[in-house]
Structure formats: structure tokens, C-alpha cells
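Undergrad: below is the sequence, then the predicted model.
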Amino acid sequence: MPLVEITYAPHVPETTLRELGAVLTHLVSPAVECPEEPYDGDLRPGDVELRFRPLGPLGPLDRGGLDVVIEVRSKWFESRAADRQDRVDRLHESLRAGTALRDFGVCLTLPVAAWSQGE
């Protein structure tokens, strides 16, 4: 279950952020797919969580050089970790091709973690 935090500069249009939110879950899921957590294309609640955070107003000391930074955190599995750079590069390219974003970065972290969710 990936957790995705999107930090964006104040000048990024809301329409761009909505577009990003609409495609991001279906781009992140295949990017972190692995035998332990396969992606079947049928996302259910809790499969991918997106959190949008403005840069600046809530953190007046925030600094950044990119319009958008996307941080993807997904549970560590050896099969994911083995090719994480390829995974994040493909995700970045998919986002560039599928959205209006141009000045952005993507970070993929794979912490040792556990997840539990009610029905």
C-alpha cells in the first residue's frame, strides 16, 4: 500500500494538481508492483493514499527548487528494492508523459513496514 505525499509550490495551478491526482494512483501502483503485492488494475480504498501539501504557507521556512515533489513510500520487499532506481525513473517518465508537469521530482522510499486496515 503506497503512501504518496505531493508537495507543490503555490504557483502550481489547481487544475494541474487535480490532473495529477487523477492519474497518480494508476501510475504509482504499477511502479511498485511486485510478486508480494501485485497490481491487478482494480484499486480499492486503502490501496494508494495521496496527500497533497502546499509548500510554504503551512511551513514558512520551507524551501524548494522544484514545482512539485512526489514522495512514494511503499513497503520494502527485496524484489522492489532490487530495481528501485529503474522503478522511479519509469514513474517519472510516465508522469512527464501523462501530465502537464515539467519541473518535478519523484522519490521512492522502501521502508521496512507493516500495514493493517479494517474492512
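TA: On my side now, so go ahead. Residues are numbered from 1 along each chain as shown.
Undergrad: where do the strands of the protein begin and end?
TA: Secondary structure of the chain by DSSP state E: the strands cover 3-8, 49-54, 68-73, 104-109.
Undergrad: what's the first one packed up against?
TA: I take that to be strand 3-8. With contacts taken as 3 or more C-beta pairs under 8 Å, 6 or more residues apart in numbering; DSSP states H and E, strand 3-8 sits against helix 14-32, strand 49-54, strand 68-73. C-beta here means a position set from N, CA and C on the backbone, and glycine is covered the same way.
Undergrad: could I get the strands of the chain as a markdown table with distance to Arg80?
TA: Below are the strands of the chain laid out as a markdown table (distance: least, C-beta to C-beta, whole Å):
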| stretch | distance to Arg80 |
| --- | --- |
| strand 3-8 | 14 |
| strand 49-54 | 18 |
| strand 68-73 | 11 |
| strand 104-109 | 9 |
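Undergrad: residue ranges with poor pLDDT in the chain?
TA: Applying pLDDT under 70 to the chain picks out residues 57-59, 119.
Undergrad: mind doing that once more with 80?
TA: 1, 43-47, 56-64, 113-119 (pLDDT under 80).
Undergrad: hmm, Val72 is touching Leu91, no?
TA: Yes. Counting by C-beta atoms under 8 Å, Val72 does reach Leu91; the two are 7.3 Å apart.
Undergrad: what do those two both touch?
TA: Val28, Ala31, Val106, Leu108 (C-beta atoms under 8 Å, 6 or more residues apart in numbering).
Undergrad: closest one of these to Arg87?
TA: Ranked by distance to Arg87 (C-beta to C-beta), the shared contacts of Val72 and Leu91 are led by Ala31 at 5.2 Å.
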